[in-house]
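**Student:** Everything below, folded, please.
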Amino acid sequence: MPIAAFPYGKETLTLNIPESRFKAGLASGMHHYKALFSQEELVRRALENPIGTPKLSVMAEGKRRVVVLASDHTRPVPSKAIIPPMLAEIRKGNPRAGITILVATGCHRETTRDELVNKFGADIVEKERILIHDCDSQEMVNLGKLPSGGELIINKAAIDADLLVAEGFIEPHFFAGYSGGRKSVLPGIASRETVLYNHNAEFIASPYARAGMVEGNPIHIDMLYAARTARLAFICNVVINSQKEAIYAVAGDLDEAHRAGREFLAGICQVDAVPADIAITTNGGYPLDQNIYQAVKGMTAAEATVKKDGVIIMLAKSNDGHGGEEFYKTFVEEKNLERMTETFLKTPKNRTRVDQWESQILARVLRHARVVYVSDAPDEMVREFQMIPAHSLEEAVKKAEELLKNPQAAITVIPDGIAVMVR
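**Tutor:** A predicted model of the protein is given here:
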């Protein structure tokens, strides 16, 4: 009898599945990939062999103001293994460089000091100059129009830099294709107006706005243009495993290096859909399953393999609740999913509402399949999102069987829904 294991918060939940009902386990090969070197050595080697650019130390020569874009508290980037060697490389080329670490929060809340220490280590937090991006700040610069027509408004600290570089990680992204690279600028350090325009309903509805897709993806096209226009000159990105450890690293040009990372990732995390009545998935555990908002990402992996009108069982601890006030409000105020979707598609790009994209994608998932949601979130909150609350895997499977009126319903499992690209 197959035993499936699922990350849930900082725990692991397991489920025994009868052989007769088990269809497949869709898992990323990167969780079993054995890196040849330590995280630090992988980053060092990437910095020594940049793709499409000179070494960072050479690029830093003569630069007075260097800004390093860093991921925020919502991303499991192993910054302790990336930021110190990047800083050392900058100072190797220019010991007098004034360096600022700009935390690319996008439209997320401010990263706390404790979260900064957890992310970078106390030494970095105490000794380095760190700024937190605020998408609603007046300290912004308008750089003109995006290819799509939206305003490109970026954090002034980045624009004032003589050299702009970024760290990050590359994983499948449910509408940008992949995380990392150009995303450090848009949405990372963009204004709310720019982020909302880029995440408009027409772009989200594009068949090219899916995990693993960049060609023809209108969201990616705008993001890449924004990063180039902001003069993002160098990136250091990693691919991580389920332990949130780097197993691969690239450095250099924001597109060429990112492309090399994408190719590595696609080679080990693309899987074929195996249709089933029930698909069980997660958001990879902590820190990405702290709220319902983030959990939509994991659901899209199950959406790609569950049969129409089947059941998705989503495991996400959601100890922080819904994760987006406007996201929650949308589902409280509108119960008709078709009407909700039509309203989004009729909304002009420059009037995109906060969190509209997340609501649009969740509505799409719910129109395809029913969702049983295993979490610590209040039951009533889960129901407002038109999902069925459950508090254990066993309870969730029983509810799925009842919904399907089939105690022998076939099951496909996706232990980490954000680590795979289901085709």
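**Student:** and the gap between Ser242 and Gly9?
**Tutor:** Remark: distance between Ser242 and Gly9 (CB to CB, to the nearest Å) = 14 Å. Placement of C-beta: from N, CA and C, glycine included.
**Student:** shared neighbours, the two?
**Tutor:** Overlap of the contact sets of Ser242 and Gly9 (by CB atoms under 8 Å, 6 or more residues apart in numbering) consists of Gly285.
**Student:** Now do the same contact list for Tyr178.
**Tutor:** With contact taken as CB under 8 Å, 6+ apart, Tyr178 is in contact with 170-172, 212, 214, 258, 261-262, 265.
**Student:** Switch these over to TSV; also include secondary structure.
**Tutor:** TSV is the format used below for the contacts of Tyr178 (DSSP: H, G, I helix; E, B strand; the rest coil):
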residue	secondary structure
Ile170	coil
Glu171	coil
Pro172	strand
Gly212	coil
Val214	coil
His258	helix
Gly261	helix
Arg262	helix
Leu265	helix
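**Student:** Redo those residues as a markdown table? Include neighbour count and pLDDT.
**Tutor:** Shown next, in a markdown table, are the contacts of Tyr178 (neighbours: other CB atoms under 10 Å; pLDDT from 0 to 100):
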| residue | neighbour count | pLDDT |
| --- | --- | --- |
| Ile170 | 27 | 96 |
| Glu171 | 28 | 91 |
| Pro172 | 27 | 91 |
| Gly212 | 19 | 93 |
| Val214 | 21 | 96 |
| His258 | 26 | 98 |
| Gly261 | 26 | 98 |
| Arg262 | 22 | 97 |
| Leu265 | 25 | 95 |
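**Student:** From the residues you listed, pick the one nearest Leu232.
**Tutor:** His258 (10.5 Å; CB to CB).
**Student:** my read: that closest one touches Lys183, true?
**Tutor:** No. Assessed by CB atoms under 8 Å, His258 is found out of contact with Lys183, at 9.3 Å.
**Student:** For Lys244, give me the pLDDT.
**Tutor:** Looking at Lys244, its pLDDT is 86.
**Student:** Contacts only, for Phe203.
**Tutor:** By CB under 8 Å, 6+ apart, the neighbours of Phe203 are 148, 175, 209, 218-219.
**Student:** Please give the element, helix or strand, for it.
**Tutor:** helix 201-205 (DSSP states H and E).
**Student:** how distant is that helix from the center of its chain?
**Tutor:** Mean-position distance between helix 201-205 and its chain equals 18 Å (CA atoms, centre = their mean, to the nearest Å).
**Student:** what's the answer for stretch 310-325, then?
**Tutor:** 15 Å.
**Student:** mean confidence for it?
**Tutor:** The predicted model assigns stretch 310-325 a mean pLDDT of 96.
**Student:** one step back: in CSV: the contacts of Tyr178, plus distance to Lys34.
**Tutor:** What follows is these, written out as CSV (distance: CB to CB, whole Å):
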residue, distance to Lys34
Ile170, 19
Glu171, 19
Pro172, 21
Gly212, 23
Val214, 28
His258, 23
Gly261, 18
Arg262, 21
Leu265, 16
